[in-house]
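# below: sequence and its predicted model.
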Amino acid sequence: MIRAYKFLLRPTARQTAALGEMLRDHCSLYNGALQERRDAYRHTSKTSVRYGDQSAQLKEIRAFDPERQGRWSFSSQQATLRRLDKAFQAFFRRVKAGQTPGYPRFKGVGHFDTVTFPRDGDGCRWDSTPHDPQTRVRLQGVGHIRVHRHRPVEGRVRTISVKREGSRWYVVLDCDNVPAEELPSTGATVGIDMGVTHFLTTSDGEHVANPRFLQAMADELAEAQRHLAAFPRRTRQRTKRHRAAARKVARLHGKIRRQRADFHHKTARMLVADHDVIAHERLNTVGMTKSPAPKPDPEQTGSFLPNGAAAKAGLSRGILDAGWAQFLGILANKAESAGRLVVPVDARNTSRTCPECGHVAKENRATQAKFQCTACGFAANADHVGATNVLDRAGLALCVAA
């Protein structure tokens, strides 16, 4: 199986400066290639420039600018051009499908944070000092960088990526032939119902509290954002105080993101360790957090009727803070590695269907937390009922598949 490993880098001051220059030059290469494609298509000949054409120019570009472009790995620059090519392929695919196209944009220096090396040993080398107990990764033009390797790496390293997150630097290893770590069978099955009041509720009646990391740091984050908003949004060069304010906001968001990911990993590991089959709702979080469409007032031109956007914003913020999509992705990956089965089921009416008599009605859910069937009078916690119905649907799906 394929697995990614992410480790914190501990570069020196000189290496940190070199890593920043590497990102800057790759960003310049990306923007230059994008500009060439735009200019070629705007020409009267409507010429199409593809990845092969731009990759063939790299040799001349590196010879013309040896201090910047010629300093870095040739294969990593090819990976940057492939990144642009994939952006154009996705753009044309959306155009053909009739979706919002989203033409590829120029990248600012602060928004280009990853450089990929397609093959270990070509411009980079993982564990470049095997004789030293301290793990290092060697990058062309930067040198041997210390790595905080907190767990062993298994399998064969295919690609190496260097990523900047705020003031931190990480190395991401993409490995294949990683052996699965199957856990012993428990014979237990469970259904889970995702929520906002409780992060999830199992079919066994257990609730996992929602930590609400964003809400816990909302006051500190709002103060930092107000301070950042006092500076001009568009300026040629930020002042020292402006840069410090931006770093503080980014640091707070990074802390929230890491706390949420840590909670998701631990919760998913708990479910995978205790159950052989895990069923969950198939959720469309993008649609659930989408802003409601405006309602024009037919009696007054240019006016709009209330559409519940304010109330919907609070629910959407709670869903995004819980991070359902990220959690379900982590759960699927851990289950595959442990030899467990994850079954997504249709989420419609899971909290409105009576598990006793099967009656489906909107009125069955008396409140957000209480379920009471209008047909047979069965009463229970609404989230527990939803998890029970999810497990029942998963059993039916497995029977049909068998």
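On my side now, so go ahead. Being a predicted model, the structure only gives us computed values, none of them experimental.
# quick one: buried residues of the lengthiest helix in the chain?
In the chain, assigned by DSSP state H, the helix with the most residues is helix 240-274. Using 16 or more other CB atoms under 10 Å as the test for burial, helix 240-274 gives 242, 245-246, 248-250, 252-253, 256-257, 260, 263-265, 267-268, 271-272. For glycine as for every other residue, the C-beta is placed from the backbone atoms N, C-alpha and C.
# check stretch 228-244 too.
Burial within stretch 228-244, assessed by neighbour count using 16+ other CB under 10 Å, is assigned to 228, 242.
# and it, what's its mean pLDDT?
Average pLDDT, stretch 228-244: 87.
# the stretch 301-402 of the chain: helices as residue ranges?
309-322, 324-338, 382-401 (DSSP state H, counting those that start in this stretch).
# now render these as TSV, adding mean pLDDT.
Listed next are the helices of the stretch 301-402 of the chain as TSV, based on pLDDT from 0 to 100:
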stretch	mean pLDDT
helix 309-322	86
helix 324-338	93
helix 382-401	82
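# quick one, which of those helices is nearest to residue 134?
Comparison of those against residue 134 by CB to CB identifies helix 324-338 as nearest, at 28.1 Å.
# give me the angle between that closest one and helix 240-274.
50 degrees (axes from the mean of the first three to the mean of the last three CA atoms, to 10 degrees).
# spell out the secondary structure type for residue 96.
With DSSP: H, G, I helix; E, B strand; the rest coil as the basis, residue 96 sits in helix.
# equivalent analysis for residue 163, please.
Under three-state DSSP, residue 163 comes out as strand.
# what distance do you get for it to residue 6?
Going from residue 163 to residue 6 by CB to CB, to the nearest Å gives 8 Å.
# swap in residue 223?
Noted for residue 223: a distance of 30 Å to residue 6, by CB to CB.
# what do you get for residue 202?
According to CB to CB, residue 202 stands 29 Å off from residue 6.
# show me what the helix or strand hosting residue 20 packs onto, helices and strands only.
Using DSSP states H and E, residue 20 maps to helix 13-42. Contact partners of helix 13-42 among helices and strands, from 3 or more CB pairs under 8 Å, 6 or more residues apart in numbering; DSSP states H and E: helix 74-97, strand 114-117, strand 143-148, strand 156-165.
# residue 291 is in contact with residue 308, isn't it?
No - contact between residue 291 and residue 308 fails when scored by CB atoms under 8 Å: they sit 10.2 Å apart.
# joint contacts of residue 163 and residue 6?
Applying CB atoms under 8 Å, 6 or more residues apart in numbering, one finds that residue 163 and residue 6 are jointly contacted by 170, 171, 172.
# just to revisit the earlier point, and residue 202 and residue 6? Which one has more around it.
residue 202 (22 against 12; other CB atoms under 10 Å).
# look up how far residue 184 lies from that one.
For residue 202, the distance to residue 184 - CB to CB - is 20 Å.
# and if you look at residue 339?
Taking CB to CB, one finds residue 339 at 9 Å from residue 184.
# how about residue 47?
Noted for residue 47: a distance of 61 Å to residue 184, by CB to CB.
# what helix or strand is residue 130 on?
Using DSSP H and E, no helix or strand contains residue 130.
# over to residue 173?
strand 168-176.
# that strand vs strand 156-165, what angle?
Using the same axes, to 10 degrees, strand 168-176 lies at 160 degrees relative to strand 156-165.
# quick one: strands adjacent to strand 168-176?
Using DSSP bridges, the strands paired with strand 168-176 are strand 3-10 (antiparallel), strand 156-165 (antiparallel).
# ok, which of those strands comes nearest residue 73?
When the strands paired with strand 168-176 are ranked by proximity to residue 73 (CB to CB), strand 156-165 comes first, at 10.3 Å.
# touching the closest one from outside, list them.
Residues outside strand 156-165 that contact it (CB under 8 Å, 6+ apart) are 9, 19-20, 22-23, 113-120, 124, 126, 137, 139, 169-177, 254.
# now the buried members of those.
Those of these that meet the buried threshold are 9, 19, 22-23, 113-118, 120, 124, 126, 137, 139, 169-171, 173-175, by 16+ other CB under 10 Å.
# show me the protein divided up by domain.
Domain assignment for the chain, taken from automatic domain parsing, gives 3-176, 189-212+266-295+306-401.
# sweet, I'm off.
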